[in-house]
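>>> the sequence and its predicted three-dimensional model are supplied below.
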Amino acid sequence: MRFQDLIAYKKSFCLAMKIFNITKQFPKEETYSLTDQIKRSSRSVTVTIAEAYRKRVYPKHFYSKLTDSDGENSETQAWLEFALACKYISNESYNELLSESIEIGKLLNYMLLNPKKFGVKKSDQ
């Protein structure tokens with residue numbers, strides 16, 4: 001299995017792309033703050049899942065990378081809340097993106113609780 005085959009990877013990639021596209025509508029004065037931050041954190045969820053999968057032969061690294069990914073996912077949720085409060089996105093968009101992010105969090109949690117299903121040989125945590 002490739003990391004690109006992981007459901008958490010696919011869903012987080014899709015969410016990051018949705019966020020990328022929606023941020024094109026954000027005001028220019030947000031370019032170096034909210035826009036960059038939300039794109040960075042949403043993309044980091046995805047790439048850190050890829051890193052975790054590649055580090056699965058080292059259980060502590062696998063766990064660490066997945067918790068990093070979960071942290072970035074939470075950061076993305078906070079940035080979405082700012083985008084909503086600033087009226088850069090609608091309630092409907094916010095709810096849709098937040099729902100997807102919550103689902104990704106559940107998938108990350110599943111991976112953390114079931115490392116053997118992802119090729120982690122032994123738990124040395």
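Everything's here; your move.

>>> helices along the chain, start to end?
Assigned by DSSP state H, the helices in the chain fall at 7-23, 36-54, 59-85, 91-113.

>>> what's the most buried one of those?
Between the helices of the chain, helix 36-54 has the highest mean count of neighbours, a mean of 21, where neighbours are mean count of other CB atoms under 10 Å. In short, each C-beta sits where N, CA and C put it, glycine included.

>>> right, and the helices of the chain - which one's nearest residue 122?
helix 59-85 (6.3 Å; CB to CB).

>>> give me the distance from that closest one to the chain's centre.
Chain-centre distance of helix 59-85: 6 Å, with CA atoms, centre = their mean, to the nearest Å.

>>> just want the angle from that helix to helix 36-54.
160 degrees (axes from the mean of the first three to the mean of the last three CA atoms, to 10 degrees).

>>> against which helices or strands is helix 59-85 packed?
When contacts are defined as 3 or more CB pairs under 8 Å, 6 or more residues apart in numbering; DSSP states H and E, helix 59-85 packs onto helix 7-23, helix 36-54, helix 91-113.

>>> adding mean pLDDT and distance to residue 67, write those helices out as CSV.
As requested, these are exported to CSV (pLDDT from 0 to 100; distance: least, CB to CB, whole Å):
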stretch, mean pLDDT, distance to residue 67
helix 7-23, 98, 13
helix 36-54, 98, 9
helix 91-113, 98, 7
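
>>> relative to residue 88, how far out is the spatially most central residue of the chain?
Nearest to the mean C-alpha position of the chain, by CA atoms, centre = their mean, lies residue 45 at 3.0 Å. Residue 45 sits 20 Å away from residue 88, taking CB to CB, to the nearest Å as the criterion.

>>> check residue 119 too.
For residue 119, the distance to residue 88 equals 40 Å [CB to CB].

>>> could you do residue 75 as well?
Residue 75 is 17 Å from residue 88, where distance means CB to CB.

>>> for residue 1, find the nearest of the helices of the chain.
With CB to CB, the closest approach to residue 1 among the helices of the chain belongs to helix 36-54: 8.4 Å.

>>> for the closest one, packing partners?
Counting by 3+ CB pairs under 8 Å, 6+ apart, helix 36-54 packs on helix 7-23, helix 59-85, helix 91-113.
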